[in-house]
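Novice: Give me coordinates for this.
(one chain, ligands or ions: 2)
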Amino acid sequence: MQQREVDIAIIGAGSAGLSAWHAARQHSDSVVLIEGGEYGTTCARVGCMPSKLLIAAAEAAHQAREAGGFGIRVSGVEVDGRAVMARVKEERDGFVGRVLTSMKRIPEADRLSGHARFADPHTLEVGGHTRVRVRTIIIATGSRPSWPGMFDAAGDRLVTNDDVFEWDDLPESVAVFGPGVIGLELGQALHRLGVRLRVFGVGGALGPFRDAKVREAADATFNEAFYVDPDAKVERIERDGEGVAITFIERDSGETLTERFDYLLAATGRRPNVDRLGLENAGLALDDKGVPRFNRFTLQCRGADDGPSHVFIAGDANQELPLLHEANSEGRIAGDNAGRFPEPRAGRRNVALSIVFTEPQMATVGEGHAELERRLGGCDCLATGEASFADQGRAVVMRQNRGLMRLYAEHGSGQFLGAELFGPRVEHMAHLLAWALEQRLGVGEMLAMPWYHPVLEEGLRGALRDLNANLQQGPAITERCMECGPGD
Ligand SMILES: Cc1cc2nc3c(=O)[nH]c(=O)nc-3n(C[C@H](O)[C@H](O)[C@H](O)COP(=O)(O)OP(=O)(O)OC[C@H]3O[C@@H](n4cnc5c(N)ncnc54)[C@H](O)[C@@H]3O)c2cc1C
Ligand SMILES: NC(=O)c1ccc[n+]([C@@H]2O[C@H](COP(=O)([O-])OP(=O)(O)OC[C@H]3O[C@@H](n4cnc5c(N)ncnc54)[C@H](O)[C@@H]3O)[C@@H](O)[C@H]2O)c1
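Specialist: Ligands and ions are numbered 1, 2, ... in the order given. A predicted model of the protein is given here:
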């Protein structure tokens with residue numbers, strides 16, 4: 001076994017680990033980046049990028065089919081599954097390649113291949129070949145798909161996002177379990193690419209939404225195109241011939257059906273990769289799920305004695321906000337603080353922002369609706385405003401006039417607090433709202449900003465006006481604002 005002594009060790013060369021490496025190197029030349037799997041990051045290999053590539057292909061097919069609505073005749077739209085998957089893989093490989101190229105800037109001596117685990121609080125064993133003695137450690141080990149045991153009955157027909165982007169062709173049918181972020185993004189894309197689909201959930205959850213009205217709007221809209229039951233009654237899953245048979249009670253008919261699918265796609269959440277790290281030897285305080293307790297501003301873990309430890313945790317591994325931009329910023333903070341140890345600094349955390357690339361898109365900004373209700377609902381301090389996209393001018397023009405947005409603000413101060421958005425291209429409005437929240441703008445100040453015409457953002461202005469009226473800081477909306485331009 002080789003012995004090494006380094007100042008800072010980073011476990012995991014994903015997005016969090018890479019930004020941690022760059023930040024840590026500002027403080028020390030003695031930094032090692034340990035990777036137990038493939039280089040290239042989850043985001044580029046099996047996450048953000050290949051999923052958006054599949055969605056882009058699906059959008060192309062959808063637009064071709066929908067062109068008739070504009071009087072444009074497109075006949076015989078045909079999806080060539082092999083060509084679709086070939087492009088997904090080719091572009092995906094390009095993204096992975098760019099990550100690998102940028103990693104070449106990391107000196108070879110600073111990289112170590114192998115699975116790392118704690119032997120004691122200051123010693124990592126890597127791949128059974130190296131013992132690394134370290135001063136500070138950053139856990140940036142990411143997450144992996146998780147599913148309930150009953151899915152194992154699907155055998156080799158059980159797939160996750162890790163498998164989908166390796167397909168050479170599109171299957172005929174897929175049963176998606178989990179109408180969350182991954183399930184709806186991939187499910188809708190597969191449906192638009194001609195794959196027969198059913199989506200099964202539990203407990204009524206749908207996408208990232210906590211606001212029942214927005215969730216209901218999304219449920220109704222998706223169900224017009226493909227079957228989604230957010231509270232499914234699934235009785236049996238069985239491996240069957242070259243597929244998997246699912247027995248379930250159909251949502252509207254109440255009938256018990258057994259249907260066969262090529263694959264069961266498990267999109268039922270992800271678990272942090274902390275269970276195989278030997279954390280029992282790390283001297284850390286763990287929560288009830290076995291994840292180290294940590295401070296979200298310093299990313300510093302707590303020791304078993306409840307004091308600050310020499311270990312930091314960033315990215316999906318800490319399970320707080322498993323999103324790419326959060327992994328990057330957490331990695332940066334953790335890397336910086338590992339270098340500053342034992343005098344960490346509180347890093348700047350942005351307001352929460354999450355976007356789901358379905359169509360209509362889904363987005364949430366700021367504190368979730370449930371948290372706001374808990375914090376402010378009891379004292380009548382929470383005001384809500386809303387607007388539908390049904391008759392929003394630009395959305396009508398584009399034939400994308402579906403969706404609902406709900407915005408929240410604090411009574412008295414008029415401070416904007418957050419939003420749940422379901423509608424066309426709300427990725428952009430979600431950014432505007434996140435930026436407004438960062439600036440701590442009040443609803444009145446937001447309404448005083450420029451609004452072009454005719455744009456989708458005029459729909460957002462409608463929701464802000466409604467919110468302002470409900471805050472009793474402006475007139476109630478009794479009719480459309482004609483001076484704003486038609487269809488605002
Ligand atoms: C299908 C899908 C779509 C997504 N789409 C989006 C999106 O559109 N936008 C968005 O913001 N986010 C998206 N995400 C989430 C985003 O991909 C993750 O939040 C982000 O990639 C997490 O980065 P990370 O560095 O924490 O983990 P990773 O990139 O997974 O890196 C962790 C690394 O640690 C390594 N590792 C694990 N254990 C050990 C060990 N013991 N020793 C050594 N190495 C180890 C792993 O091999 C891995 O390389 C998506 C995720 C999925 C699955
Ligand atoms: N656009 C994006 O930013 C994006 C895209 C994909 C993934 N991600 C990240 O990846 C994370 C994981 O995504 P995910 O979709 O796996 O998790 P998720 O938490 O969003 O959704 C999981 C869903 O599975 C359901 N579920 C749980 N057990 C089930 C069961 N037994 N049967 C049926 N349904 C069940 C849950 O109710 C939930 O709706 C996300 O939280 C997000 O942070 C982000």
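
Novice: What residues does the stretch 51-200 of the chain have near ligand 1?
Specialist: Within the stretch 51-200 of the chain, the residues that sit near ligand 1 (Cβ under 6 Å from any ligand atom) are Ser51, His115, Ala116, Ala140, Thr141, Gly142, Asn161, Ile182. Bear in mind the C-beta positions are built from the backbone N, C-alpha and C, glycine included.

Novice: which residues touch the last one?
Specialist: Ile182 makes contact with Ser51, Asn161, Ala267 under the criterion Cβ atoms under 8 Å, 6 or more residues apart in numbering.

Novice: pLDDT score assigned to the second one?
Specialist: Looking at Asn161, its pLDDT is 96.

Novice: neighbours around it, how many?
Specialist: Residues near Asn161, counting by other Cβ atoms under 10 Å, number 21.

Novice: near ligand 2 too, which of the contacts of Ile182?
Specialist: Answer for those near ligand 2 (Cβ under 6 Å from any ligand atom): Ala267.

Novice: if we take the contacts of Ile182, which one ends up nearest to ligand 2?
Specialist: Ala267 (4.8 Å; Cβ to the nearest ligand atom).

Novice: From the contacts of Ile182, pick the one nearest Arg4.
Specialist: Closest to Arg4 out of the contacts of Ile182 is Asn161 (34.7 Å), distances taken as Cβ to Cβ.

Novice: Does anything pack onto the worst-scoring helix or strand of the chain on mean pLDDT? Which helices or strands?
Specialist: When the helices and strands of the chain are scored by mean pLDDT, DSSP states H and E, helix 369-376 comes last with a mean of 88. When contacts are defined as 3 or more Cβ pairs under 8 Å, 6 or more residues apart in numbering; DSSP states H and E, helix 369-376 packs onto strand 382-388, strand 404-410, strand 416-423.

Novice: elements contacting the second one?
Specialist: It refers to strand 404-410. The contact analysis (3+ Cβ pairs under 8 Å, 6+ apart) places strand 404-410 against helix 212-225, helix 369-376, strand 382-388, strand 416-423, helix 426-438, helix 457-470.

Novice: Within its sheet, name the partner strands of the shortest one and how each one runs.
Specialist: It stands for strand 382-388. Taking DSSP bridges as the criterion, strand 382-388 forms sheet pairs with strand 404-410 (antiparallel).

Novice: For the strand it pairs with, buried residues please.
Specialist: Under the neighbour-count criterion of 16 or more other Cβ atoms under 10 Å, strand 404-410 has Leu404, Met405, Arg406, Leu407, Tyr408, Ala409, Glu410 buried.

Novice: for the record, mean pLDDT for the longest helix seen in the chain?
Specialist: Identified as the longest helix of the chain according to DSSP state H is helix 81-103. Averaged across helix 81-103, pLDDT comes to 97.

Novice: helices or strands up against that helix?
Specialist: Using 3+ Cβ pairs under 8 Å, 6+ apart, helix 81-103 sits against helix 15-24, helix 42-45, helix 48-66.

Novice: Relative to the whole chain's centre, how far out is the longest one?
Specialist: Think helix 48-66. 18 Å (Cα atoms, centre = their mean, to the nearest Å).

Novice: picking up where we left off before, quick one: which of the contacts of Ile182 is nearest to Ala436?
Specialist: Ser51 (28.1 Å).

Novice: my guess is the closest one meets Leu186, correct?
Specialist: Yes. Here Ser51 reaches Leu186: they are 6.3 Å apart, a contact under Cβ atoms under 8 Å.

Novice: Out of those two, name the residue with the larger neighbour count.
Specialist: Higher neighbour count among Ser51 and Leu186: Leu186, with 28 against 22, using other Cβ under 10 Å.

Novice: before we move on, back to that, would you format the helices and strands packed on helix 81-103 as JSON lines with mean pLDDT included?
Specialist: Shown next, in JSON lines, are the helices and strands packed on helix 81-103 (pLDDT from 0 to 100):
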{"stretch": "helix 15-24", "mean pLDDT": "98"}
{"stretch": "helix 42-45", "mean pLDDT": "98"}
{"stretch": "helix 48-66", "mean pLDDT": "98"}
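
Novice: dump the residue contacts of the residue nearest the centre of the chain.
Specialist: Centroid-nearest residue in the chain: Leu323, 5.1 Å away (criterion: Cα atoms, centre = their mean). Taking Cβ under 8 Å, 6+ apart, we find Leu323 in contact with Ser354.

Novice: cool, and Arg394?
Specialist: Counted by Cβ under 8 Å, 6+ apart, Arg394 has contacts Pro454, Val455, Leu456, Glu458, Gly459, Gly487.

Novice: Okay, now stretch 262-279: how far is its last residue from its first?
Specialist: Start and end residues of stretch 262-279 are separated by 39 Å (Cα to Cα, to the nearest Å).

Novice: pLDDT averaged over that stretch, what's the number?
Specialist: 98.

Novice: quick one: stretch 387-406 to chain centroid distance?
Specialist: For stretch 387-406, the distance to the chain centre is 24 Å (Cα atoms, centre = their mean).

Novice: Of all residues in the protein, which one is closest to ligand 1?
Specialist: Gly14 (1.8 Å).

Novice: what about the helix or strand containing His325 and ligand 1, any contact?
Specialist: Using DSSP states H and E, the element containing His325 is helix 324-340. Yes. Using Cβ under 6 Å from any ligand atom, helix 324-340 reaches ligand 1 at Leu324, His325, Ala327.

Novice: What about the closest residue to Ser309 other than its chain neighbours, how many residues nearby?
Specialist: Spatial nearest neighbour of Ser309, excluding adjacent residues (Cβ to Cβ, 6 or more residues apart in numbering): Gly303 at 4.0 Å. Applying other Cβ under 10 Å, we find 18 residues neighbouring Gly303.

Novice: returning to that earlier point: state the phi and psi torsions of the residue nearest to the centre of the chain.
Specialist: When read as degrees, to the nearest 10, the backbone of Leu323 gives phi -130, psi 160.

Novice: try Glu255
Specialist: phi -80, psi 150.

Novice: tell me the contacts of it?
Specialist: Ile249.

Novice: Report pLDDT for it.
Specialist: pLDDT, Glu255: 98.

Novice: for the one 4 residues further on, same thing?
Specialist: Glu259 is assigned 98 on the pLDDT scale.

Novice: My read is that Met49 contacts Phe95, right?
Specialist: Yes. If you go by Cβ under 8 Å, Met49 and Phe95 touch, sitting 4.6 Å apart.

Novice: Correct me if wrong, but Pro171 is in a strand.
Specialist: No. Counting by DSSP: H, G, I helix; E, B strand; the rest coil, Pro171 is not part of a strand but coil.

Novice: Where do the domain boundaries of this protein fall?
Specialist: As recorded under automatic domain parsing, the domains making up the chain are 2-144+271-340, 149-269, 353-483.

Novice: In CSV, list those domains along with distance to Ala346.
Specialist: Converted to CSV, these look like this (distance: least, Cβ to Cβ, whole Å):
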stretch, distance to Ala346
domain 2-144+271-340, 4
domain 149-269, 27
domain 353-483, 16
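
Novice: Please name the residues that touch Ile34.
Specialist: So Ile34 contacts 9-13, 111-114, 116, 124, 126, 132 (Cβ under 8 Å, 6+ apart).

Novice: Many thanks, I have nothing further to ask.
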